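Asks: Sequence and predicted structure below; questions after.
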Amino acid sequence: MKRLFSNVINLTLVLIVGLALGGCTVSNAAMRTSSPWSPIDLDTEANPLDVDFVDDKNGFLVGTDRLILETNDGGITWKERNLDIPSEGNFRLISIDFKGEEGWIAGQPGLILHTFDGGKNWTRLDLGNKLPGDPYLITTIGSDVAELATTAGAIYKTIDGGTNWEAIVLDTSGSGGIRELRRTKNGSYISVSSLGNFFSVRRPEQETWSPHQRASSKRVQSVGEQPNGELWMLSRGAEIRFNADPDDIDSWSKPIIPIVNGYNYQDLAWDPSNSIWAAGGNGTLLVSNDDGKTWEQDPVGDSVPTNFIRILFVDDLNSVNSKGFVFGERGNLLRWQG
């Protein structure tokens with residue numbers, strides 16, 4: 001009788017779990033035997049947040065606690081670089097972008113730096129005190145031309161090297177304040193609201209944000225662009241979704257849950273061979289070689305005691321080897337070896 005009662009309880013639990021995961025694709029991601037990533041010792045407790053290169057060898061990495069590092073060997077080794085930043089205040093350097101020798105750094109609170117000579121010299125620009133929100137993302141468009149997006153969802157453009165900034169988004173209310181913001185290859189912007197309850201898109205010709213509902217009741221972690229121009233979404237509960245209909249931005253696939261380990265995914269990226277990488281808490285680093293149908297765990301990621309917060313593959317710089325990085329907390333960085 002006790003055994004029968006126990007079997008009934010177990011069956012009930014199975015049914016409950018089945019209902020909870022209804023409509024989800026859950027895979028049991030096995031551990032790979034090798035990895036294309038190698039750990040880099042940055043010798044810092046700060047969090048790396050962004051990286052970009054002037055050319056194949058020379059680049060800069062920025063992060064929290066005023067972190068700025070320079071490399072002259074393509075990202076294999078990094079050394080500290082001192083900039084003329086006020087000693088008071090704990091600056092968070094959040095975004096860096098180069099186009100040839102010209103580059104920009106955006107930091108919080110209210111910091112913009114500009115270089116014309118590949119980072120040898122930097123000039124600090126005064127944004128005043130009327131900027132809504134703090135700088136979040138800066139993009140080098142061309143000579144003396146850049147776009148700056150803020151934590152309030154405001155977007156500005158300069159065509160004179162930062163002397164003047166013109167608002168190109170007139171109403172920021174549609175962004176909902178942001179927890180994350182990305183710029184696509186065609187100049188569109190995608191933001192996730194501060195509470196993760198919706199995401200918004202701003203096309204190059206639009207002066208306002210266009211809000212869109214999340215795919216489920218679970219809060220949105222991140223939304224980005226696939227190589228084909230369609231979108232992907234990461235939600236709480238370690239759920240991954242892709243656009244189901246290329247003509248409908250609000251049409252989403254069923255959620256994919258590669259592993260259930262209690263940690264959310266923070267970023268998704270495609271490597272040069274078109275494999276998909278997902279990064280998250282507690283060393284979670286996963287790869288799919290079949291468009292998200294099946295997944296494997298990366299052994300190097302699993303061995304690093306950190307939360308991974310971003311994956312970035314740098315655009316082609318006529319480099320022999322592609323450049324890619326996984327950013328972790330407390331100075332942890334993985335470098336792509338291919």
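Replies: Nice, I can see it.
Asks: CA atoms only: put stretch 137-157 into CSV for me.
Replies: Extracted in CSV, the C-alpha atoms of stretch 137-157 (Å, rounded to 0.1, in the frame of the first residue of the first chain):
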residue,chain,number,x,y,z
LEU,A,137,26.3,52.7,-25.9
ILE,A,138,28.4,54.7,-28.4
THR,A,139,29.0,53.9,-32.1
THR,A,140,31.5,55.4,-34.4
ILE,A,141,29.7,56.2,-37.7
GLY,A,142,32.4,58.1,-39.6
SER,A,143,34.9,60.9,-39.4
ASP,A,144,33.6,63.2,-36.5
VAL,A,145,30.3,61.3,-36.6
ALA,A,146,29.0,59.2,-33.8
GLU,A,147,25.8,58.0,-32.1
LEU,A,148,25.2,57.9,-28.3
ALA,A,149,22.4,56.0,-26.6
THR,A,150,21.6,56.5,-22.9
THR,A,151,20.1,54.5,-20.0
ALA,A,152,16.9,56.5,-20.5
GLY,A,153,16.5,55.4,-24.1
ALA,A,154,17.6,58.7,-25.6
ILE,A,155,19.7,58.6,-28.7
TYR,A,156,21.9,61.5,-29.9
LYS,A,157,24.1,62.1,-33.0
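Asks: so for it, what's the average pLDDT?
Replies: Across stretch 137-157, pLDDT averages out at 96.
Asks: and if you look at stretch 85-92?
Replies: 77.
Asks: what's the span of that stretch, first residue to last?
Replies: Start to finish, the residues bounding stretch 85-92 are 11 Å apart (Cα to Cα, to the nearest Å).
Asks: which intervals of the stretch 1-150 of the chain have sub-threshold pLDDT?
Replies: 1-23, 26-27, 87-89, 129 (pLDDT under 70).
Asks: What ranges does the stretch 151-300 of the chain have for its helices?
Replies: 299-303 (DSSP state H, counting those that start in this stretch).
Asks: Strands of the stretch 51-200 of the chain, start to end?
Replies: 59-63, 68-71, 79-80, 92-99, 102-108, 111-115, 123-125, 135-142, 145-150, 155-158, 166-167, 178-183, 189-193, 198-202 (DSSP state E, counting those that start in this stretch).
Asks: Need those in JSON lines (columns: distance to residue 36 and mean neighbour count).
Replies: All C-beta spots, glycine's among them, are computed from the backbone N, C-alpha and C. Putting the strands of the stretch 51-200 of the chain into JSON lines (distance: least, Cβ to Cβ, whole Å; neighbours: other Cβ atoms under 10 Å) gives the following:
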{"stretch": "strand 59-63", "distance to residue 36": "19", "mean neighbour count": "25"}
{"stretch": "strand 68-71", "distance to residue 36": "19", "mean neighbour count": "20"}
{"stretch": "strand 79-80", "distance to residue 36": "25", "mean neighbour count": "10"}
{"stretch": "strand 92-99", "distance to residue 36": "24", "mean neighbour count": "22"}
{"stretch": "strand 102-108", "distance to residue 36": "28", "mean neighbour count": "25"}
{"stretch": "strand 111-115", "distance to residue 36": "31", "mean neighbour count": "21"}
{"stretch": "strand 123-125", "distance to residue 36": "38", "mean neighbour count": "15"}
{"stretch": "strand 135-142", "distance to residue 36": "27", "mean neighbour count": "20"}
{"stretch": "strand 145-150", "distance to residue 36": "31", "mean neighbour count": "23"}
{"stretch": "strand 155-158", "distance to residue 36": "35", "mean neighbour count": "21"}
{"stretch": "strand 166-167", "distance to residue 36": "42", "mean neighbour count": "11"}
{"stretch": "strand 178-183", "distance to residue 36": "24", "mean neighbour count": "20"}
{"stretch": "strand 189-193", "distance to residue 36": "27", "mean neighbour count": "25"}
{"stretch": "strand 198-202", "distance to residue 36": "30", "mean neighbour count": "22"}
